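Colleague: no sequence for this one, just the structure:
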(Lines give C-alpha, C1' and ligand atoms only; values in the text may rest on other atoms or scores of the structure.)
Protein backbone atom coordinates (compact mmCIF):
# COMPACT_ATOMS: atom_id res chain seq x y z
CA UNK A 1 0.00 0.00 0.00
CA UNK A 2 1.08 3.57 -0.56
CA UNK A 3 0.40 6.70 1.52
CA UNK A 4 1.94 10.08 2.29
CA UNK A 5 3.27 11.78 5.40
CA UNK A 6 2.08 15.31 6.26
CA UNK A 7 5.25 16.81 4.76
CA UNK A 8 4.56 15.05 1.43
CA UNK A 9 7.07 12.20 1.63
CA UNK A 10 5.62 8.87 0.54
CA UNK A 11 5.77 5.63 2.46
CA UNK A 12 4.73 2.08 1.68
CA UNK A 13 3.38 -0.83 3.66
CA UNK A 14 3.78 -4.54 3.02
CA UNK A 15 0.80 -6.33 4.55
CA UNK A 16 0.69 -10.09 5.16
CA UNK A 17 -2.27 -12.13 6.40
CA UNK A 18 -3.00 -15.79 6.99
CA UNK A 19 -5.99 -16.56 4.78
CA UNK A 20 -7.10 -19.48 6.94
CA UNK A 21 -7.90 -17.39 10.01
CA UNK A 22 -7.55 -13.80 8.73
CA UNK A 23 -4.73 -13.12 11.19
CA UNK A 24 -2.66 -10.08 10.30
CA UNK A 25 0.84 -11.54 10.40
CA UNK A 26 2.82 -8.42 9.55
CA UNK A 27 2.59 -4.86 8.34
CA UNK A 28 6.03 -3.59 7.39
CA UNK A 29 6.24 0.21 7.00
CA UNK A 30 9.02 2.06 5.19
CA UNK A 31 9.82 4.74 2.66
CA UNK A 32 10.81 1.97 0.26
CA UNK A 33 9.87 -1.68 0.07
CA UNK A 34 12.52 -3.52 -1.96
CA UNK A 35 12.38 -7.27 -2.45
CA UNK A 36 15.14 -7.91 0.11
CA UNK A 37 13.05 -6.19 2.78
CA UNK A 38 10.02 -8.27 1.78
CA UNK A 39 12.19 -11.41 2.07
CA UNK A 40 13.39 -10.34 5.53
CA UNK A 41 9.77 -9.99 6.70
CA UNK A 42 8.89 -13.39 5.25
CA UNK A 43 11.94 -14.98 6.94
CA UNK A 44 10.75 -13.65 10.32
CA UNK A 45 7.26 -15.01 9.69
CA UNK A 46 8.63 -18.42 8.74
CA UNK A 47 10.68 -18.50 11.94
CA UNK A 48 7.47 -17.83 13.93
CA UNK A 49 4.88 -19.80 11.98
CA UNK A 50 6.71 -22.22 9.72
CA UNK A 51 6.89 -22.06 5.94
CA UNK A 52 3.78 -21.65 3.82
CA UNK A 53 3.07 -23.88 0.84
CA UNK A 54 2.27 -20.83 -1.25
CA UNK A 55 2.03 -17.06 -1.19
CA UNK A 56 -0.76 -15.27 -3.04
CA UNK A 57 0.24 -11.78 -4.14
CA UNK A 58 -0.21 -9.08 -6.72
CA UNK A 59 2.29 -8.22 -9.42
CA UNK A 60 4.17 -5.39 -7.72
CA UNK A 61 7.85 -5.07 -8.65
CA UNK A 62 9.06 -6.20 -5.21
CA UNK A 63 6.90 -9.33 -5.53
CA UNK A 64 7.94 -10.26 -9.06
CA UNK A 65 11.65 -9.58 -8.55
CA UNK A 66 14.28 -12.19 -9.27
CA UNK A 67 15.37 -12.04 -5.63
CA UNK A 68 11.94 -12.99 -4.28
CA UNK A 69 11.19 -15.59 -6.93
CA UNK A 70 14.58 -17.25 -6.38
CA UNK A 71 14.08 -17.15 -2.59
CA UNK A 72 10.64 -18.79 -2.92
CA UNK A 73 11.98 -21.43 -5.29
CA UNK A 74 14.85 -22.21 -2.90
CA UNK A 75 12.36 -22.51 -0.01
CA UNK A 76 9.88 -24.60 -2.02
CA UNK A 77 7.17 -21.94 -1.73
CA UNK A 78 4.86 -21.45 -4.71
CA UNK A 79 4.16 -17.87 -5.72
CA UNK A 80 0.55 -17.48 -6.82
CA UNK A 81 0.16 -14.19 -8.64
CA UNK A 82 -3.28 -12.75 -9.21
CA UNK A 83 -4.14 -11.54 -12.69
CA UNK A 84 -3.37 -7.84 -13.21
CA UNK A 85 -6.45 -5.74 -12.57
CA UNK A 86 -8.23 -8.57 -10.71
CA UNK A 87 -7.96 -7.68 -6.99
CA UNK A 88 -10.95 -9.94 -6.27
CA UNK A 89 -8.56 -12.88 -6.77
CA UNK A 90 -6.85 -11.73 -3.57
CA UNK A 91 -10.02 -10.77 -1.71
CA UNK A 92 -8.85 -11.51 1.84
CA UNK A 93 -5.90 -9.12 1.73
CA UNK A 94 -7.93 -6.54 -0.18
CA UNK A 95 -10.51 -6.56 2.63
CA UNK A 96 -7.74 -6.35 5.24
CA UNK A 97 -6.10 -3.48 3.34
CA UNK A 98 -9.41 -1.59 3.13
CA UNK A 99 -9.90 -1.91 6.90
CA UNK A 100 -6.30 -0.82 7.57
CA UNK A 101 -6.64 2.14 5.21
CA UNK A 102 -9.94 3.26 6.80
CA UNK A 103 -8.90 2.82 10.42
CA UNK A 104 -5.26 3.93 10.26
CA UNK A 105 -4.01 5.48 7.02
CA UNK A 106 -7.07 7.67 6.36
CA UNK A 107 -7.77 8.37 10.04
CA UNK A 108 -4.48 10.09 10.91
CA UNK A 109 -2.11 12.71 9.59
CA UNK A 110 1.34 11.26 10.14
CA UNK A 111 4.44 13.30 10.93
CA UNK A 112 6.88 10.41 10.54
CA UNK A 113 7.25 6.81 9.48
CA UNK A 114 7.95 6.00 13.13
CA UNK A 115 4.51 7.30 14.03
CA UNK A 116 2.94 5.14 11.31
CA UNK A 117 4.78 2.09 12.67
CA UNK A 118 3.67 2.75 16.27
CA UNK A 119 0.00 3.19 15.40
CA UNK A 120 0.12 0.24 13.03
CA UNK A 121 1.64 -2.08 15.63
CA UNK A 122 -1.07 -1.17 18.14
CA UNK A 123 -3.83 -1.52 15.53
CA UNK A 124 -2.56 -4.92 14.32
CA UNK A 125 -2.52 -6.23 17.90
CA UNK A 126 -6.13 -5.09 18.45
CA UNK A 127 -7.15 -6.47 15.03
CA UNK A 128 -5.82 -9.93 15.92
CA UNK A 129 -6.87 -10.11 19.58
CA UNK A 130 -10.01 -7.99 20.02
CA UNK A 131 -11.77 -7.36 16.73
CA UNK A 132 -14.47 -9.97 16.01
CA UNK A 133 -14.71 -11.25 12.43
CA UNK A 134 -18.05 -12.32 10.99
CA UNK A 135 -16.39 -15.02 8.88
CA UNK A 136 -14.76 -16.53 12.00
CA UNK A 137 -17.94 -16.89 14.04
CA UNK A 138 -17.62 -13.40 15.56
CA UNK A 139 -14.27 -14.05 17.27
CA UNK A 140 -10.86 -12.43 16.66
CA UNK A 141 -8.27 -14.30 14.58
CA UNK A 142 -6.10 -15.33 17.52
CA UNK A 143 -9.12 -16.75 19.33
CA UNK A 144 -10.10 -18.67 16.20
CA UNK A 145 -6.59 -20.01 15.50
CA UNK A 146 -6.60 -22.74 18.19
CA UNK A 147 -9.76 -24.16 16.64
CA UNK A 148 -8.16 -24.20 13.18
CA UNK A 149 -4.88 -25.77 14.32
CA UNK A 150 -6.83 -28.56 16.03
CA UNK A 151 -8.15 -29.73 12.66
CA UNK A 152 -6.45 -32.81 11.18
CA UNK A 153 -5.64 -31.15 7.83
CA UNK A 154 -2.68 -28.87 7.38
CA UNK A 155 -3.33 -25.19 6.79
CA UNK A 156 -0.95 -23.05 4.76
CA UNK A 157 0.37 -19.85 6.29
CA UNK A 158 0.78 -16.43 4.66
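Modeller: Looks like it arrived, so ask away. Quick caveat, the model's predicted, so the values are computed rather than measured.
Colleague: From here on, just use CA atoms for contacts and neighbour counts.
Modeller: OK.
Colleague: All the helices of this protein, residue numbers only.
Modeller: Counting by DSSP state H, the segments of the chain that form helices are 35-49, 66-75, 91-100, 113-129, 141-149.
Colleague: Go through the ones you listed and find the least confident stretch.
Modeller: Least confidently modelled of the helices of the chain is helix 141-149, at a mean of 56 by mean pLDDT.
Colleague: Report how many residues lie close to residue 98.
Modeller: Other residues near residue 98 number 12, with proximity taken as other CA atoms under 10 Å.
Colleague: Distance of it relative to residue 41?
Modeller: When distance is defined by CA to CA, to the nearest Å, residue 98 is 21 Å away from residue 41.
Colleague: With residue 130 instead?
Modeller: As defined by CA to CA, residue 130 lies at a distance of 24 Å from residue 41.
Colleague: Which one's more surrounded, those two?
Modeller: Between residue 130 and residue 41, residue 41 has the larger neighbour count (other CA under 10 Å), namely 18 against 14.
Colleague: contacting residues for the more buried one?
Modeller: With contact taken as CA atoms under 8 Å, 6 or more residues apart in numbering, residue 41 is in contact with 26, 28.
Colleague: where does the residue lying closest to residue 110 once chain neighbours are set aside land on pLDDT?
Modeller: With CA to CA, 6 or more residues apart in numbering as the criterion, residue 110 has its nearest non-adjacent residue at 5.1 Å, and that residue is residue 5. The model reports residue 5 with a pLDDT of 98.
Colleague: and if you look at residue 59?
Modeller: What the model reports for residue 59 is a pLDDT of 89.
Colleague: correct me, but it touches residue 84?
Modeller: Yes: in this structure residue 59 lies within contact range of residue 84 using CA atoms under 8 Å: 6.8 Å.
Colleague: How many residues are close by residue 13?
Modeller: That count, for residue 13 with other CA under 10 Å as the rule, works out to 20.
Colleague: ah, wrong one, I meant residue 43
Modeller: By other CA under 10 Å, the residues close to residue 43 number 14.
Colleague: Enumerate every residue touching it.
Modeller: So residue 43 contacts nothing (CA under 8 Å, 6+ apart).
Colleague: make it 10 Å
Modeller: Counting by CA atoms under 10 Å, 6 or more residues apart in numbering, residue 43 makes contact with 37, 49-51.
Colleague: Also residue 95?
Modeller: Each residue near residue 95 by CA under 10 Å, 6+ apart is listed here: 22, 88, 101.
Colleague: So which of these is the closest to residue 109?
Modeller: Top of the list for closeness to residue 109, among these and by CA to CA, is residue 101 at 12.3 Å.
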